[in-house]
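predicted model, plus sequence, below.
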Amino acid sequence: MRRIPVTIVTGFLGAGKTSLVRHLLTAAAGHRLAIIVNEFGELGIDRDLLLGCGDDACAAGDIVELANGCLCCTVADDFLPALTGLIDRPEPPGHIVVETSGLALPKPLVQALAWPEIRTRVTVDGVVAVIDAAAAVAGRFASDPDAIARQRAADPSVDHDNPLEEVFSDQLACADLVILNKTDLVDRGRLAALRADIAARLRPAVKIVAAERGQLAPEAALGLVAAAEDDLAARPSLHDGAAAHNHDDFESFVVTRAPVADPAAFARRLAALIGEHDILRVKGFLDIPGRDRRHAIQAVGARVERHFDRAWLPGEPRATRLVVIGNKGLDRAAIAAALEAD
């Protein structure tokens, strides 16, 4: 029996994982892809973004969403049943892509695919780590001693250095391919330095490819034939031996508000709010009065991107809903009030 290849797409919040997966869906002709997409918060946005691609490849039945938790902590309860549901189909997919949440560790998923009842049916084609080049150059994943000291002063139970750096390091340590994304936002000299720094942290033979907006040839990401489940010892994790990956360092909440009359002004206000509260990620959809299409909006740091997505469906409630993700201790009331204001 042919084992179905599984590609695990990892990377921090806003790195461009969904853009990559959406590109693979529409460009990887002949692969018959199915997608398992995972969200950290209670509201799923990424599946809706994938379904809005406007292509027959983005079929609802082939995109499975697992929200409200990281797959690395819900392997038995969520990931394996979803995977089994896909491979048990009368006509199973030719290739499965797993898009993890930005806070998930990839190694527990690779370990799960090494379980005897699973490994005879699937193989880990590769772990693809998507890196936000602009965020990495800006030091988002580097240790900040002053910030750590403030965090420990507020919460003496803090026993690690930098949760962002830990997740970033574990994602790199497990990678078979690194996609350095958003390279158009970084000058050539700083990009070369970043590339060298990342290369020094990777296992031998792991390649780095550059991309903009997650656009690269599908054959560069699919067909790695890494069989990662047979290579676990070579993929060290800072969380090896831990009972569970602790997500208490991060939090997520949803803001629902009235329609947004001026999306440009809203985007400017959102960028300022992110800087004021050091929010890691915002994503969602806006209801724009007088427009028959929903307005997708995403923010990473102070960078806010938006575009009109698909048309609102007949009978679909029109609503403005945003997911906010950040380090523990966000001032939810102040953030919600600012987002709800006109």
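That came through, no problem. Numbers count the residues shown, from 1 in each chain.

give me the element the residue lying closest to L185 once chain neighbours are set aside is part of.
By the measure of CB to CB, 6 or more residues apart in numbering, the closest residue to L185 outside its immediate chain neighbours is A134, 4.1 Å from it. No exception for glycine: its C-beta is placed from N, CA and C like everyone else's. Taking DSSP states H and E as the definition, A134 sits inside helix 133-137.

what is that helix packed up against?
For helix 133-137, the elements it packs on are helix 188-201, judged by 3 or more CB pairs under 8 Å, 6 or more residues apart in numbering; DSSP states H and E.

tell me which strands and helices the helix it packs on is in contact with?
Counting by 3+ CB pairs under 8 Å, 6+ apart, helix 188-201 packs on helix 133-137, helix 163-173, strand 177-181, strand 207-210.

okay, those, which one's buried deepest?
Compared across the helices and strands packed on helix 188-201, strand 177-181 shows the largest average neighbour count, a mean of 24 (mean count of other CB atoms under 10 Å).

chain center to that one, what's the gap?
When distances are taken as CA atoms, centre = their mean, to the nearest Å, strand 177-181 is centred 13 Å away from the chain's centroid.

among the helices and strands packed on helix 188-201, which comes closest to W115?
The closest approach between W115 and any of the helices and strands packed on helix 188-201, judged by CB to CB, belongs to helix 163-173 at 20.3 Å.

so which elements touch that closest one?
Using 3+ CB pairs under 8 Å, 6+ apart as the contact test, the elements touching helix 163-173 are helix 188-201.

so which bits of the helix it packs on are buried?
Taking 16 or more other CB atoms under 10 Å as the basis for neighbour counts, the residues of helix 188-201 that come out buried are 191, 194-195, 198.

tell me the average confidence for that helix?
Rounded to a whole number, the mean pLDDT of helix 188-201 is 93.

when you give positions from now on, start the count at 29
Noted, 29 is the first residue going forward, which turns the last one into helix 216-229.

can you get me a residue count around A233?
By other CB atoms under 10 Å, 6 other residues sit near A233.

my hunch is that it is in a strand, does that hold up?
No. According to DSSP: H, G, I helix; E, B strand; the rest coil, A233 belongs to no strand; its state is coil.

re the thing from before, redo the helices and strands packed on helix 216-229 as a markdown table? Include distance to R334 and mean pLDDT.
As requested, the helices and strands packed on helix 216-229 are exported to a markdown table (distance: least, CB to CB, whole Å; pLDDT from 0 to 100):
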| stretch | distance to R334 | mean pLDDT |
| --- | --- | --- |
| helix 161-165 | 18 | 89 |
| helix 191-201 | 25 | 86 |
| strand 205-209 | 19 | 96 |
| strand 235-238 | 25 | 95 |
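
if we can go back for a sec, contacting residues around the helix holding A162?
40, 42-43, 169, 208-211, 213-214, 218-219, 222, 226, 328-329, 331 (CB atoms under 8 Å, 6 or more residues apart in numbering).

ok, now with 7 Å
Outside helix 161-165, the residues that touch it by CB atoms under 7 Å, 6 or more residues apart in numbering are 208-211, 213-214, 218-219, 222, 328-329.

just the CA atoms of that helix, as PDB, please.
The C-alpha trace of helix 161-165 is given here as PDB (Å, rounded to 0.1, in the frame of the first residue of the first chain):
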ATOM      1  CA  ALA A 161      12.300  37.800   7.200                       C
ATOM      2  CA  ALA A 162      11.200  41.300   8.200                       C
ATOM      3  CA  ALA A 163      10.200  40.200  11.800                       C
ATOM      4  CA  ALA A 164      13.400  38.100  12.200                       C
ATOM      5  CA  VAL A 165      15.600  41.100  11.100                       C
END
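
how far off centre is it?
The answer for helix 161-165 is 15 Å, by CA atoms, centre = their mean.

before we move on, back to that, which one of the helices and strands packed on helix 216-229 lies closest to F278?
The minimum distance between F278 and the helices and strands packed on helix 216-229 falls on helix 191-201, with 7.1 Å, by CB to CB.

okay, angle between that closest one and strand 205-209 too, please.
Here helix 191-201 runs at an angle of 130 degrees relative to strand 205-209 (axes from the mean of the first three to the mean of the last three CA atoms, to 10 degrees).

and helix 191-201 with helix 216-229, angle?
Put simply, helix 191-201 runs at 70 degrees to helix 216-229, going by the same axes, to 10 degrees.

domains of the protein?
The record's domain parsing of the chain by automatic domain parsing lists 32-262, 278-368.

read off the pLDDT value for A249.
The predicted local distance difference test score for A249 is 93.

one more: F169?
F169 carries a pLDDT score of 71 in this model.

how near is the residue nearest to it when sequence neighbours are not counted to G217?
Leaving aside its sequence neighbours, F169 sits nearest to F196 (CB to CB, 6+ apart; 4.1 Å). To G217, F196 is 22 Å away according to CB to CB, to the nearest Å.

go on, A369?
A369 sits 41 Å away from G217 when distances are taken as CB to CB.

strands of the chain, start to end?
32-38, 61-66, 91-94, 123-127, 150-160, 205-209, 235-238, 278-285, 307-314, 321-328, 331-339, 348-355 (DSSP state E).

which stretch in those strands is the model least sure about?
strand 91-94 has the lowest average pLDDT among the strands of the chain, namely a mean of 81.
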